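>>> need the 3D shape of this:
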Amino acid sequence: MDPTDKEEKAICVIGDQSTSDVVVRLRTQEGRDDWLYCHSAILVKNCKYFADRLSENWPTCQILGSRNCVDVNCQESDFDYHVNLIRLLYIVVDGSVDDLWYGVRNALGILQVAVELGCPIIVTACVSYLEAMTWEESEEEEILKVVPRMGLQAEPILARVQPVNQLAIRNIFLSAVRFATSSPPATIKDLKSSAQEQLEYMLTEDDDAPLLIADDNIKFEVKECVKRLFSGFNNSLIHLFCGSTESLSEAGNILLFKSYLTDLSWVCQILSKLEIMGDFVECWFDASENIVKALEQGSSTNEVVEVKLRAIEVTSKVLEAIAYGTVILPTAKRLQVLKVWLPFVRVTKPIIDSSMMDCENAVLLKMDGEMWQSLESSFVSIILALPSGDQAELLTQWLENEHIRYPDLTEAFEVWCYRSKVARRRLSLLEDDHVMTQSG
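Next up is the predicted model:
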């Protein structure tokens, strides 16, 4: 900076009427009319608007003796931003401005005024500040309304909200999937849960399209991650059967088993969104008998009851996929999955309901209230898709069981009765049609 400029900065103070040679008159439509005693050398050097207005080619209004008067019309809501901008003109040093923005909203307001009045140094300083600061959601919305109208000079501010290329999205998705299906230390369990939530969000179609449209390669990678997760889960099952009859009740086993079941329940959400539930259903079917045996050998402690609930939660999602045709299983497998899980659910639900009466347990056993209804509907749908003889066997077991209230198979029983009653008539009609077709 030139020595004379430094001297000028030292003696020029905004509002100093004794040294002022120009009055900036801020006026609003609401009738506000404020005077700021300023110095033309400061205003002209850093602001195009004042440079034009105070040039010899612009007719000026003389007031208060020899002082020039420059009118600046503004909205009442922008008044303070105009004052702040003029103050900032006084502290521009070597092309920079100190950090005197007092927050994102104030900087954004000053930026708008600086663009309007042509103050490039202030514009640059505002852009640098806004680009570097974090924004609250309301501030970000305001920035997105205002900044795009300012052109290239304000583009750096918007860098963080620009659409990300698909390769970057793909890479972060796969990294997150690998982490979310891993077995990290318990100390970072919250980080894993957060990653799982964001993966679901990336695949969710709401007001906006999903962030990621998965191709075959991505689906393959997800399947591989799920295989590794299931491998760890199966190893934990093997460990339980190698231990004592009460091994599930041991603290370490419970935590590990619950962790796997929680992850498997979450994985169902991802696989459903990607429409690749088939392998998961097959794996769960293969492991079902061992899972039930492991769960049945545990006592009725609160922790074991919670683990049983998590297993039912996963089963409900598997059965839903089978019931509604998302995954097609042969008849024998559909019958077998019912024979394994129907008795377990029938006996376990009263235990869970009883534990829920305890306020402390209710927190542990918190889950989707619609899960039981969905599970019951899945049981009914799968039963109704079986051969009538298999339906009769399952319905007989239900009617003879003390836990007849859940699952309530009344609908399946009614349909079975109707079908059975009209079966001969329907078959005879089909036989008659067949005979007529052959004779024709």
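
>>> could you find the closest non-adjacent residue to the spatially most central residue of the chain?
Residue closest to the average C-alpha location in the chain (C-alpha atoms, centre = their mean): residue 201, at 3.8 Å. When the adjacent residues along the chain are set aside, residue 201 lies closest to residue 211, with 7.6 Å between them (C-beta to C-beta, 6 or more residues apart in numbering). Where you see a C-beta, it was placed from the backbone N, CA and C, and this is true even at glycine.

>>> that neighbour and residue 205 touch, don't they?
No - judged on C-beta atoms under 8 Å, residue 211 makes no contact with residue 205 at a distance of 9.8 Å.

>>> now for the closest residue to residue 58 other than its chain neighbours, how many residues are close by?
With C-beta to C-beta, 6+ apart as the criterion, residue 58 has its nearest non-adjacent residue at 6.1 Å, and that residue is residue 52. When neighbours are counted by other C-beta atoms under 10 Å, residue 52 registers 14.

>>> what of residue 128?
For residue 128, the neighbour count with other C-beta under 10 Å is 16.

>>> mind checking pLDDT for it?
With respect to pLDDT, residue 128 has a value of 91.

>>> please apply the same query to the one 4 residues further on.
Residue-level confidence at residue 132 comes out at 91, pLDDT.

>>> ok, now residue 94?
56.

>>> ditto for the one 3 residues further on
As summarised for this prediction, residue 97 has a pLDDT of 65.

>>> now do the one 3 residues further on
At residue 100, the pLDDT value in this model is 65.

>>> kindly report the same for the one 4 residues further on.
pLDDT recorded at residue 104 is 93.

>>> now swap in residue 151 and tell me
In this model, residue 151 carries a pLDDT of 85.

>>> and it, how many neighbours?
That count, for residue 151 with other C-beta under 10 Å as the rule, works out to 9.

>>> which of residue 211 and residue 205 has more residues huddled nearby?
Using other C-beta under 10 Å as the criterion, residue 211 and residue 205 rank with residue 211 on top: 18 against 9.

>>> check contacts around the residue nearest to residue 201.
169, 201, 202, 203 (C-beta atoms under 8 Å, 6 or more residues apart in numbering).

>>> pretty sure the residue nearest to residue 58 contacts residue 70?
No - contact criterion C-beta under 8 Å: residue 52 and residue 70 do not qualify, at 9.8 Å.

>>> now the element after the helix or strand harbouring the residue nearest to the centre of the chain, going C-ward?
Using DSSP states H and E, residue 201 maps to helix 189-203. Sequence-wise, the next helix or strand downstream of helix 189-203 (DSSP H and E) is helix 216-242.
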